[in-house]
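A.B. asks: Build the 3D model from these lines:
(chains A and B)
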Amino acid sequence: MIKTQNLSKNYGDLTAVGNLNLTIEQGDIFGFIGPNGAGKTTTMRILVTLLEPTHGTAFINGLDVRKHGKKVRRLVGYMPDFMGVYDDLKVFEYLEFFAAAFSIERRKRKGIVEGVLELTDLQSKQSATVDSLSRGMQQRLGLARVLIHDPKVLILDEPASGLDPRARIEIRELLRELKRMGKTIMISSHILSELEEICDHIGIIEHGRMVFSGTLADIRPHLGIQSKVRVKVTANQDKAVELLSALPPIREVEVVDDYISVTFHEGKEGDGLIARSLVEAKFDLVSLQPEQLKLDDAFLQLTKGMVH
Amino acid sequence: MTAALFNFVLRLVSLSWLTGPIFDKELRVSSRRRRNYVLRFAYLALLTMLLVLFWVIAVPSGQSRLYQSSRMAEAGQIIIACIVWFQFVATQILAGIMLSTSISDEIYHKTLGLLMTTPISSFQVVVGKLLSKLLQLLLLMAISLPLLAIVRVFGGVPWGYIVSGLCITLTMVLFVGSLSLFFSIFSRKAYVVIILTVLTLGMLFALIPLFTVMIFVNSDIVSENEFFTGLSYLNPYFCLALATEAMMSPRAGGWIAGLYWPWQCAVMLGGSGLLLFLSVLMVRRVALRQATGQLGASSSKRRPRRQDGAGITVEQAFEHPPRRVRGSAILWKELKSPLFGRRKLAFVISIAVGLILLFLTYAFFADTGDLDEDGLHIMYGVIFMSLGTLFAIILPATCITSEKESRAWPLLLATTLGDWQILGAKFAGILRRSLPIWCLLFGHIILFTFAKIIHPIAIIHTALLVGWLMVFLSGSGLYFSTCFKRTTTAVIANFALAAVVWGIAPLLMALMAEIDLLDFDFLESYLDTNPFVHIVVIIEATAGRGSLSNYHWIDYGNKGVYDTTAWMTACAFGYVFLGLLFAWRAKCRLRRNIF
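C.D. replies: From the prediction side, this is the model:
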């Protein structure tokens, strides 16, 4: 649904995006991660036709964003990382204005606006002026605006920034609902734990270049990280360490606080073997848990923390 | 103890207690802005051009050296007067523009509330902002100081005139700057502040003296002499004119200027002080409201609203229901946005008062029997035309930049609206917003057409004139609005274009004609395309007992109504073509510099 080929954007000597290659399948939620100034927003702005790329091409649903700007804009709903407001408009008018701007027939507009207001829980604010809304409400309104023309692709730049925890959870649920509706969603956020929960794929960008793209499960082999499990036994922890160290697929065993951390050789796994060995040796096994690689950790390992 | 005393004295002398860190910050920022250097260059270039023109006029070439030497003193006087008046007018315009966003920028960027969390006082904020901008203007004035000193060597110019001119200019600039800064507390939009400043100055220094004349001219309360004495104390324009007249006339010998200008400067300083005092009070109120979260980024005044159980405010329950969008979205928005912003009542009262005053002037001139004088209608025509042109310059230059500033522009461009659709709707919005001000000109002409004082053909000719003027200035304004991010810059650019086309270019041509580089006929033909010449010619020919006389064009000569219509149509075609050219360039640039 979204594809970029060697996409570049230069501002004078500064390369905001350099040879970016990216593919997002239809119906996916794609988390776009990167440090500040990495090129996320620039990429998104190119995809929604607000910026011209210096080199390379970008396609939305097979349409070149350079050549088919108007068609692309019809397909895409873009929520920037700021809230642009028209002071004099009320919430209902604001949404109907954008509905009309997307050439939605007048007789259908009222129903559509009411629908998105309900979806974003803004019905009670429809007569309030846009600039009188709180930050959270404005974010919801931004999301409502994005949905007004029922786009196939949603490009959301930091949609959860400035929201309280409840609103963030609600937006997360809304995004899941939109995914169920078949929308393709590209979302950038600095709250990595949230992306972890909703994204099918992630892309990590730094200095305008993609340093990783794939599923969360793909990150471990990409980083060359071996599988690990945490083992907890009631007593004789030292003897358990001795026993586990002798098992063939295990590379390293160490005691961390009150549990044993077991690292396998690359490409090997053996949760069952560990459980069986400990039970046969009469250890009281309390828990055996694979260690999850957090997106935060992967992000830190993949990026150098430098900005332009 | 000694060190503390030394530090205290040092702080006192450095004036940092007066301006605070705001002044330093503003100076640092302004030194990085390219536009300040462009401004200095343009100011110098314009001044030089004017001086050369006046020099060429005062000391004609081709005459004997003796004759030229004999003209030196008069040339010195003319050049000094030219510099003083140029400084006086240019620095006022610049002060009004430069300070039009001084406080509103801080409110809009939400830094005013932040400043209140520091030891910086609201007095330092106001004075720091004012002085930092005035320093830029002082630099401009300083550029011409050596020239003033050199030209004085020619003789014939008393020091008193130079000193009085500088002091009147300085105090007037301070007053205009304070006024613009004061209005910028209440409006985010630079053009609103500029218009308010111009209207206030017009009211203080033109309308009030005019009404004073009307009321007291035939009464025994104030004699003519007393009136003019009072005017020279209160009105800087009159005071400087008086001083210039005294300098040019050897008999008057400067005593008039010497007598009045210090008082006039004191009055202006007092007025500035009052405005600054009010500004300090208002800035503190606004800043505290912003710091406590009671003030939105875009609204200068909002009362807290009471909520009912359903989350709908009580005020909302009684508000009008949302309006439905009809037709083109962008056109709807442009045509439905409130004409007078949120302060409808204040605007309605202002308009009502303005109209009452206008009709009072009509009543006065009816009483004196001057209503059928064409000179009077030319005066009204030029005033209304100037107001209309001011709006026609400002409104188009703000319509896209204001959306960029409110960050709604990318959202609009991310829709499927076409570029011409957006520009067309913007043009419709400009026409709608400028309509009330043009109503003054048309209202005047129509009213006196009914009174059989102005011939009805003036309505058609004026409509033709206003039509092309609007297309030309809207096209250029839209173009500059797409070029720049800030409203103030776009307004200055459109203002500069109008000034170049109708002011500086004729001056330059006059200069070239004086030194035989250009034919005078060409200059006169060019002047015949000037909208202000058009309005004067139209009213001169059509006013006065409703009869139609010949149209007296500068180069085109005395023409009848058909020739005049043909000439005006040709001018209209030219300017409309240029306006459309600008609009096309605006279309090409519409999707550049979005952020």
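
A.B. asks: Can you give me the neighbour number for the residue of the stretch 201-350 of chain B at minimum distance from chain A?
C.D. replies: Going by Cβ to the nearest Cβ, chain A is nearest to residue B:329 of the stretch 201-350 of chain B, at 3.4 Å. (Each C-beta comes from the backbone N, C-alpha and C, glycine too.) For residue B:329, the tally of surrounding residues (other Cβ atoms under 10 Å in any protein chain shown) stands at 24.

A.B. asks: Next up, the contacts around it.
C.D. replies: Residue B:329 makes contact with A:97, A:98, A:99, A:100, A:101, B:415, B:417 under the criterion Cβ atoms under 8 Å, 6 or more residues apart in numbering or on different chains.

A.B. asks: One more: residue A:179?
C.D. replies: A:27, A:29, A:185, A:198.

A.B. asks: Enumerate the residues of the stretch 401-550 of chain B near chain A.
C.D. replies: With Cβ under 8 Å from any Cβ of the partner chain as the criterion, the stretch 401-550 of chain B meets chain A at residues B:403, B:406-418.

A.B. asks: List buried residues within the residues you listed.
C.D. replies: B:403, B:406, B:408, B:409, B:410, B:411, B:412, B:413, B:414, B:415, B:416, B:417 (16 or more other Cβ atoms under 10 Å in any protein chain shown).

A.B. asks: Roughly how far does the first one sit from residue B:468?
C.D. replies: Separation of residue B:403 from residue B:468 (Cβ to Cβ, to the nearest Å): 27 Å.

A.B. asks: re the thing from before, could you work out the most separated pair of the buried ones among the residues of the stretch 401-550 of chain B next to chain A?
C.D. replies: Within those, B:406 and B:416 form the most distant pair, 21.2 Å apart (Cβ to Cβ).

A.B. asks: quick one on the thing from earlier: among the buried ones among the residues of the stretch 401-550 of chain B next to chain A, which one lies nearest to residue B:134?
C.D. replies: Out of these, the member with the shortest distance to residue B:134 (by Cβ to Cβ) is residue B:406, at 29.1 Å.

A.B. asks: and stretch A:183-198 with chain B, contact?
C.D. replies: No: Stretch A:183-198 does not reach chain B (Cβ under 8 Å from any Cβ); its nearest approach is 14.3 Å.

A.B. asks: sorry, back to before: buried subset of the contacts of residue A:179 as a ChimeraX selection?
C.D. replies: Those of the contacts of residue A:179 that count as buried under 16+ other Cβ under 10 Å are selected in ChimeraX with:
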select /A:29,185,198
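
A.B. asks: Let's see which of the contacts of residue A:179 end up in helices.
C.D. replies: In helices, defined here by DSSP state H, the members of the contacts of residue A:179 are residue A:198.

A.B. asks: Going by distance to chain B, which of the contacts of residue A:179 wins?
C.D. replies: Nearest member of these to chain B, counting by Cβ to the nearest Cβ, is residue A:185, at 16.2 Å.

A.B. asks: For that closest one, report the pLDDT, please.
C.D. replies: Listed pLDDT for residue A:185 reads 93.

A.B. asks: what do you get for residue A:225?
C.D. replies: 66.

A.B. asks: what's the residue of the stretch 1-150 of chain B found nearest chain A sitting at in phi/psi?
C.D. replies: Closest contact between the stretch 1-150 of chain B and chain A, by Cβ to the nearest Cβ, is at residue B:108 (11.4 Å). Backbone torsions of residue B:108, given as degrees, to the nearest 10, read phi -70, psi -40.

A.B. asks: Just the element for the residue lying closest to it once chain neighbours are set aside, please.
C.D. replies: Closest residue to residue B:108 apart from its sequence neighbours, by Cβ to Cβ, 6 or more residues apart in numbering or on different chains: residue B:188 at 5.4 Å. Using DSSP states H and E, residue B:188 sits in no helix or strand.

A.B. asks: Am I right that residue B:188 is in contact with residue B:109?
C.D. replies: No: look at residue B:188 against residue B:109 with Cβ atoms under 8 Å: they stay out of range, at 10.5 Å.

A.B. asks: Between the two, tell me which one has more neighbours.
C.D. replies: residue B:188 (23 against 10).

A.B. asks: what's the pLDDT at the more buried one?
C.D. replies: 76.

A.B. asks: Next up, phi/psi of it, please.
C.D. replies: Dihedral angles (degrees, to the nearest 10) for residue B:188: phi -80, psi -30.

A.B. asks: Flag the shaky bits of the stretch 1-150 of chain A, pLDDT-wise.
C.D. replies: Applying pLDDT under 70 to the stretch 1-150 of chain A flags no residue at all.

A.B. asks: circling back to that earlier point, apart from its chain neighbours, what residue comes closest to the residue of the stretch 201-350 of chain B closest to chain A?
C.D. replies: Nearest non-adjacent residue to residue B:329 (Cβ to Cβ, 6+ apart): residue A:100, at 3.4 Å.

A.B. asks: Low-confidence stretches in the stretch 201-308 of chain A?
C.D. replies: Along the stretch 201-308 of chain A, the model assigns pLDDT under 70 to residues A:220-226, A:266-269, A:292-294, A:304-308.

A.B. asks: now the strands for chain B?
C.D. replies: Along chain B, the segments classed as strands by DSSP state E run B:551-553, B:557-559.

A.B. asks: Kindly reformat those strands as TSV containing mean pLDDT and distance to chain A.
C.D. replies: What follows is these, written out as TSV (pLDDT from 0 to 100; distance: least, Cβ to the nearest Cβ, whole Å):
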stretch	mean pLDDT	distance to chain A
strand B:551-553	91	44
strand B:557-559	84	47
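
A.B. asks: Of those strands, which is nearest residue B:241?
C.D. replies: That would be strand B:551-553 among these, by Cβ to Cβ, at 27.7 Å.

A.B. asks: Can you name every helix or strand that the closest one contacts?
C.D. replies: helix B:531-542, strand B:557-559, helix B:561-589 (3 or more Cβ pairs under 8 Å, 6 or more residues apart in numbering or on different chains; DSSP states H and E).

A.B. asks: so what strands line up beside it?
C.D. replies: In the sheet, strand B:551-553 lines up against strand B:557-559 (antiparallel) (DSSP bridges).

A.B. asks: Quick one: residues in contact with the partner strand.
C.D. replies: Contacts for strand B:557-559 (Cβ under 8 Å, 6+ apart): B:550, B:551, B:552, B:553, B:567.

A.B. asks: List only buried entries from these.
C.D. replies: B:551, B:553, B:567.
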